[in-house]
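>>> mind folding the following:
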Amino acid sequence: MTPFIFIVESSLPLSARIVLAATALSTSSISTALVGWSGASYVVDLQRLPPADNGGIEGIEMTTLTLTLKRLVTRVYDADFLVETKRPFAKWELAQSVLLPPSKEDALMAAKGGAPGEEETIAETFNPATGEIVGRWIVKWENDSAGICHGTGKVVRHFNVHEELL
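Just a heads-up that it's a prediction; the model follows:
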């Protein structure tokens, strides 16, 4: 539409045409960005990682699409790090922090924790076409089985999983 504003003869001054063109371009850019933001978390494929293939812990592999429809696969090595989110257009997110129960209450869960200061990769996002890892979600263990998580690179952190995939 923007080129036609300049081509079609009109009594509008050039400054008004520039304002109309800028408005059309910004509206298009903003709506595209909103579609990309809301659709980036949509999971198109969900697969379980059986404990036998994942170090004895059940994990999940989720495929999402970028705005340009390129596939990104996020492997969550421990499904307990997926929590419900309050973000619109998403159902799960990778946890910001975790607090595991003491070993006397739940020995299996407590065994998942690491030593204080130890870092562990919880999830990885990679490009399946090239195998290149584009981001990681890492937990750094502190005292009392508490862990603080942070991302490196461009990890997909929010997921909108349709009920049919569950």
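>>> so what does the top helix by length along the chain touch, helix or strand wise?
In the chain, taking DSSP state H as the definition, the longest helix is helix 14-39. Applying 3 or more CB pairs under 8 Å, 6 or more residues apart in numbering; DSSP states H and E, one finds that helix 14-39 contacts helix 2-7. Yep, even glycine has a C-beta here, placed from its N, CA and C like the rest.
>>> state the mean pLDDT of the helix it packs on.
Mean per-residue pLDDT for helix 2-7: 67.
>>> ditto for stretch 60-76
Across stretch 60-76, the per-residue pLDDT values average to 93.
>>> which parts of that stretch are buried?
Judged by neighbour count using 16 or more other CB atoms under 10 Å, the buried positions of stretch 60-76 are Ile60, Glu61, Met62, Thr63, Thr64, Leu65, Leu72, Val73, Thr74, Arg75, Val76.
>>> endpoints of it, how far apart?
5 Å (CA to CA, to the nearest Å).
>>> and the strands in this structure?
43-49, 59-65, 71-76, 82-84, 92-94, 97-99, 119-126, 133-141, 146-153, 158-159 (DSSP state E).
>>> report the angle between the longest helix of the chain and strand 59-65.
Orientation note: helix 14-39 sits at an angle of 160 degrees relative to strand 59-65 (axes from the mean of the first three to the mean of the last three CA atoms, to 10 degrees).
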